[in-house]
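S.K.: Kindly generate the corresponding structure for this input.
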Amino acid sequence: MVPTYRRAFIVGAGEGLSASLARRLAREGLRIGLASRSIGKLGTLAAETGAAIHSCDAVHPGEVEALFARMEPALGGPPDVVVYNASGRLRGPIADLDPDAVRHSLMVSAYGGFLVAQAAARRMLPARHGAILLTGASASVKGYAESAAFAMGKFALRGLSQSLARELHPKGIHVAHFVIDGGIRSISRPEPAGAPDSLLDPDAIASAYWDVLRQDRSAWTSEIELRPWVERF
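M.R.: As a prediction, this is how the structure comes out:
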């Protein structure tokens, strides 16, 4: 059986992948909610997709609960698709990293994902229906030099996804983690001359998310890796 979805929340919305996801889900007929710490940048995307927008710092439990409480009436009910797309990027030599900055990076990459997934699961479990999609990165599976904080956060998010999939799949909730293993093409990051398709197309990534949502529950995936054809791995 292929599930039917009606309402989607994207937490950590902005340009790039989250914008492509919003457009794709809206095109497929879902009502869209967008959440970000800075909602001023979401006006054009909201107008394009008919999305409701709400500010939210996902590392605070009260703000996450307020997000869901306010979005539900705006979209006509609780979400049956929730995407966590926020990350706390931080780089530097281990000896030089500021502990408070590392803590914040971990909170955004991992703890915020937990809070959003928890709020989503509480609303999906009564209906035994829904999907929770978590956006990872190369750092989800590879700890690069001078990327300790980001690797810790993304490893943790992947562990959260694996645990949730084993708990929630038998209860009708599809949980999937996406390893985005490569750079994403954007206006500020165009492809190098002479290297076509060497960066991930955000619209192609969004199509992969939609393909996962359309999976028959007899053959659900819990993780997918996406990378350009020339990417070394």
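S.K.: other SSEs contacting the helix or strand where residue 72 lies?
M.R.: Assignment of secondary structure by DSSP states H and E places residue 72 within helix 61-75. For helix 61-75, the packing partners by 3 or more C-beta pairs under 8 Å, 6 or more residues apart in numbering; DSSP states H and E come out as strand 7-11, strand 31-36, strand 52-55, helix 112-124. Heads up, the C-betas are built off the backbone N, CA and C, glycines and all.
S.K.: Check the gap between residue 67 and residue 14 for me.
M.R.: When C-beta to C-beta, to the nearest Å is applied, the distance between residue 67 and residue 14 equals 16 Å.
S.K.: Out of these two, name the residue with the larger neighbour count.
M.R.: residue 67 (22 against 17; other C-beta atoms under 10 Å).
S.K.: hmm, back to that, could I get the buried residue list for the helix holding residue 72?
M.R.: Judged by neighbour count (16 or more other C-beta atoms under 10 Å), helix 61-75 contains these buried residues: 63-64, 67-68, 70-72, 75.
S.K.: Export those as a markdown table, with columns for distance to residue 165 and pLDDT.
M.R.: Formatted as a markdown table, the entries for the buried residues of helix 61-75 read as follows, by distance: C-beta to C-beta, whole Å; pLDDT from 0 to 100:
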| residue | distance to residue 165 | pLDDT |
| --- | --- | --- |
| 63 | 26 | 97 |
| 64 | 21 | 97 |
| 67 | 23 | 96 |
| 68 | 21 | 96 |
| 70 | 28 | 93 |
| 71 | 24 | 94 |
| 72 | 25 | 94 |
| 75 | 25 | 94 |
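S.K.: Just put the residues you listed in a markdown table and tack on distance to residue 83.
M.R.: Output for the buried residues of helix 61-75, formatted as a markdown table (distance: C-beta to C-beta, whole Å):
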| residue | distance to residue 83 |
| --- | --- |
| 63 | 17 |
| 64 | 14 |
| 67 | 13 |
| 68 | 14 |
| 70 | 18 |
| 71 | 13 |
| 72 | 16 |
| 75 | 14 |
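S.K.: my read: residue 164 touches residue 175, true?
M.R.: Yes. Because the distance of 4.4 Å satisfies C-beta atoms under 8 Å, residue 164 is recorded as touching residue 175.
S.K.: between the lengthiest strand in the chain and helix 112-124, how many degrees?
M.R.: Scanning the chain for the longest strand, with DSSP state E as the assignment, gives strand 173-180. Between strand 173-180 and helix 112-124, the angle formed by their directions is 150 degrees, by axes from the mean of the first three to the mean of the last three C-alpha atoms, to 10 degrees.
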